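J.: Below: sequence and its predicted model.
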Protein chains: 2
Amino acid sequence: MQSHTSFPIKNINTHLTEIKDYFKVAVSVDCVIFGFDGNVLKVLLIQSDLAQYKNKWSLLGDIVRPDEELDAAAYRVLRERTGLENVYMEQVHTFGALNRHPAGRVITVAYYSLVNIHHVQLRVSDFGLHWHAVKDIKQMAFDHKQILDICVKRLQDRIIEHPVGFNLLPKKFSLRELQNLYEAVLGVKFDRRNFRKKFLSMGLIEDLHEVENDVRHRPAKLYKFNEKAMWKNTRFLNVNSIT
Amino acid sequence: MQSHTSFPIKNINTHLTEIKDYFKVAVSVDCVIFGFDGNVLKVLLIQSDLAQYKNKWSLLGDIVRPDEELDAAAYRVLRERTGLENVYMEQVHTFGALNRHPAGRVITVAYYSLVNIHHVQLRVSDFGLHWHAVKDIKQMAFDHKQILDICVKRLQDRIIEHPVGFNLLPKKFSLRELQNLYEAVLGVKFDRRNFRKKFLSMGLIEDLHEVENDVRHRPAKLYKFNEKAMWKNTRFLNVNSIT
DNA sequence: GCAAAAGTGTTTGTTTTACACCCATGG
DNA sequence: CCATGGGTGTAAAACAAACACTTTTGC
């Protein structure tokens, strides 16, 4: 047991005093927008034009407005940059290091979202906005590399437990595309037969009885995600790491 | 593809303008402090003295100070209420609904922590501070029930994947205590033989070659957590739900 | 007919589950 | 000697892993 002093303790949940004294902080959201081009996991970044981060890449973010919900702010940022709505998005972590932003105390709530990369039409005016292969990103502005790393980790945790990967694929996809996606996100290689067996046996995907065309080899069958299916707990572990 | 307008978009990560206009928000931390009394999972709550939440229970929280890191604020709240330091703590989620707090816009970062309930000496002056069985809590002040629920879910996710439960137990514990803990946190029942086999085979616990005393039955062997051991991915699933 | 990728089953090893009796202690 | 909970093993089922050949298409 440890002892401690006993003067009364202020508590935001019991006393209303002094809140104004602390109104010295800004809250922002930062969006890690993931896309998949068929081979590698990508993230949408913008070139920072702040002096000290000149030529560094940063996440898309903005201050949360006084009358705006956090999730709404994140969706707004996503919409403004990609034109997309109704996209898979998840809050991940909040970063509040004292000097993380040169403008003062800015506490940022990080989100990641999964978009179909082909549905994103980059704005002409956003000339500093580009997709980057996640695994090639070495440094970023602010603490954004740390935010990215944590969001990648969260995505990896999610995708092995929950069918979120479909948000990165077109409506119709082949098993090879699906496997490429899992391999890109997780940085591992799977046995093709076992991978296909697993997904087919889980009933997560539905055969469309269509095939690819314009390929110069045997065309693959196309599938769609079965929204009604349940994810079955499984372990894609003990696989060959390629990282 | 979707089209969207093309006026320039403000971005906290590229432009420094207008940040002051948004300094209209307070940031707080809320701590979900879990303890285990040998049978049920408990959480430390304080009675709110705010008029509209009179007689409702609330989490322990406070405004983050302008020069204070988020984690530091959470540890401060924990220290002020329990006297404990160096406790397992994890940030979980940030809640920012517009009207979640009557004092104005208060965005709160929720943490949960795991403490040894017997190490907590409640302050005499904190007369409204008590341990509550998590499963008996029906409603709380503010959005705290939602925060609690999400923290419980997070703890459940963690405890089956990572050896965090030991933070809730005394240094020396029996396998029955360990099993009670897992059953209380997860709301399930395990087969005793399988549970013991699993933990012993994982090498997570170390036999102290000591036994309980003062029990009126065969005394159980005592174990300690082996910090060096690796958690082996496992599934405690398909168990009998008792919720 | 060749190149390129699609598609497909079986065997083996490991993990999980289900299940019941004897043991040590205090009173 | 009784009550209480502690401690233990085995068999069957489910799952995961390893592995190679045939098929279809475009050129």
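T.: Okay, I see it.
J.: What are the boundaries of the helices in chain A?
T.: A:70-82, A:144-159, A:175-186, A:192-202 (DSSP state H).
J.: Which among those helices is found nearest to B:Val87?
T.: Between B:Val87 and the helices of chain A, the shortest separation by Cβ to Cβ is 21.9 Å, and it involves helix A:144-159. Heads up, the C-betas are built off the backbone N, CA and C, glycines and all.
J.: related to what we said a few turns ago, with distance to A:Leu44 and mean neighbour count as extra columns, can I get the helices of chain A in TSV?
T.: Shown next, in TSV, are the helices of chain A (distance: least, Cβ to Cβ, whole Å; neighbours: other Cβ atoms under 10 Å in any protein chain shown):
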stretch	distance to A:Leu44	mean neighbour count
helix A:70-82	7	21
helix A:144-159	11	19
helix A:175-186	16	19
helix A:192-202	28	13
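J.: Go through those helices and name the closest to A:Asp214.
T.: Ranking the helices of chain A by proximity to A:Asp214 (Cβ to Cβ) places helix A:175-186 first, at 14.6 Å.
J.: Contact partners for the residue in chain A that DNA strand D sits nearest to?
T.: For chain A and DNA strand D, the shortest gap (Cβ to the nearest atom of the strand) falls at A:Arg218, measuring 2.5 Å. For A:Arg218, the contact set (Cβ atoms under 8 Å, 6 or more residues apart in numbering or on different chains) is empty.
J.: got JSON lines for the helices of chain A, with distance to B:Ile12 too?
T.: Listed next are the helices of chain A as JSON lines, based on distance: least, Cβ to Cβ, whole Å:
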{"stretch": "helix A:70-82", "distance to B:Ile12": "9"}
{"stretch": "helix A:144-159", "distance to B:Ile12": "12"}
{"stretch": "helix A:175-186", "distance to B:Ile12": "28"}
{"stretch": "helix A:192-202", "distance to B:Ile12": "40"}
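J.: Report the contact partners of the residue most central in space within chain A.
T.: Residue closest to the average C-alpha location in chain A (Cα atoms, centre = their mean): A:Tyr112, at 2.7 Å. A:Tyr112 sits next to A:31-34, A:89-90, A:92, A:151, A:154-155 when contact means Cβ under 8 Å, 6+ apart.
J.: In terms of distance to DNA strand C, which of those ranks first?
T.: The closest of those, once distances to DNA strand C are taken by Cβ to the nearest atom of the strand, is A:Phe34, at 22.7 Å.
J.: Near that closest one, how many residues? Count them for me, please.
T.: The tally of other residues near A:Phe34 (other Cβ atoms under 10 Å in any protein chain shown) stands at 24.
J.: Which strand residues bridge it?
T.: Listed by DSSP bridges, the beta-bridge partners for A:Phe34 are A:Val43, A:Leu114.
J.: What pLDDT is listed against it?
T.: A:Phe34 is assigned 98 on the pLDDT scale.
J.: Check A:Lys54 too.
T.: A:Lys54 is given a pLDDT of 85.
J.: Is any residue of stretch A:58-75 near chain B?
T.: Yes - against chain B, stretch A:58-75 shows contacts by Cβ under 8 Å from any Cβ of the partner chain at A:58-70.
J.: So what pairs up with the residue lying closest to A:Arg81 once chain neighbours are set aside in the strands?
T.: Spatial nearest neighbour of A:Arg81, excluding adjacent residues (Cβ to Cβ, 6 or more residues apart in numbering or on different chains): A:Leu60 at 5.2 Å. Beta-bridge partners for A:Leu60, by DSSP bridges, are A:Cys31.
J.: ok, so what distance separates A:Leu60 from DNA strand C?
T.: 33 Å (Cβ to the nearest atom of the strand, to the nearest Å).
J.: Likewise for A:Gln146?
T.: 33 Å.
J.: Was I right to think that residue contacts A:Phe95?
T.: Yes - counting by Cβ atoms under 8 Å, A:Gln146 does reach A:Phe95; the two are 7.4 Å apart.
J.: tell me the domain ranges of chain A?
T.: Following automatic domain parsing, one gets these domains for chain A: A:21-159, A:171-241.
J.: Check those for me and report the most buried one.
T.: Comparing the domains of chain A by mean neighbour count (mean count of other Cβ atoms under 10 Å in any protein chain shown), domain A:21-159 ranks first with a mean of 19.
J.: How far away from the center of its chain is that one?
T.: A distance of 8 Å separates the centroid of the chain from that of domain A:21-159, by Cα atoms, centre = their mean, to the nearest Å.
J.: In chain A, what residue spans correspond to strands?
T.: A:26-36, A:41-47, A:57-58, A:60-63, A:88-95, A:106-114, A:129-133, A:188-189, A:205-211, A:221-225, A:240-241 (DSSP state E).
J.: pLDDT on the fifth one, on average?
T.: Read that as strand A:88-95. Model confidence over strand A:88-95, given as mean pLDDT, is 98.
J.: So what are the sheet partners of that strand and their directions?
T.: strand A:106-114 (antiparallel).
J.: Just want the angle from the partner strand to helix A:70-82.
T.: 70 degrees (axes from the mean of the first three to the mean of the last three Cα atoms, to 10 degrees).
J.: re earlier: please enumerate the shared neighbours of A:Gln146 and A:Phe95.
T.: Counting by Cβ under 8 Å, 6+ apart, nothing touches both A:Gln146 and A:Phe95.
J.: Mind pulling up the pLDDT for A:Leu122?
T.: For A:Leu122, the model assigns a pLDDT of 85.
J.: which ones are touching it?
T.: A:81-82, A:129-130.
J.: Next: A:Leu208.
T.: Counted by Cβ under 8 Å, 6+ apart, A:Leu208 has contacts A:172, A:221-224.
J.: would you list the residues you listed in TSV and tack on distance to chain B?
T.: Formatted as TSV, the contacts of A:Leu208 follow (distance: Cβ to the nearest Cβ, whole Å):
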residue	distance to chain B
A:Lys172	17
A:Lys221	26
A:Leu222	21
A:Tyr223	23
A:Lys224	20
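J.: Looking at those, which is nearest A:Ala74?
T.: Once Cβ to Cβ is applied, the member of the contacts of A:Leu208 that ends up nearest A:Ala74 is A:Lys224, at 27.6 Å.
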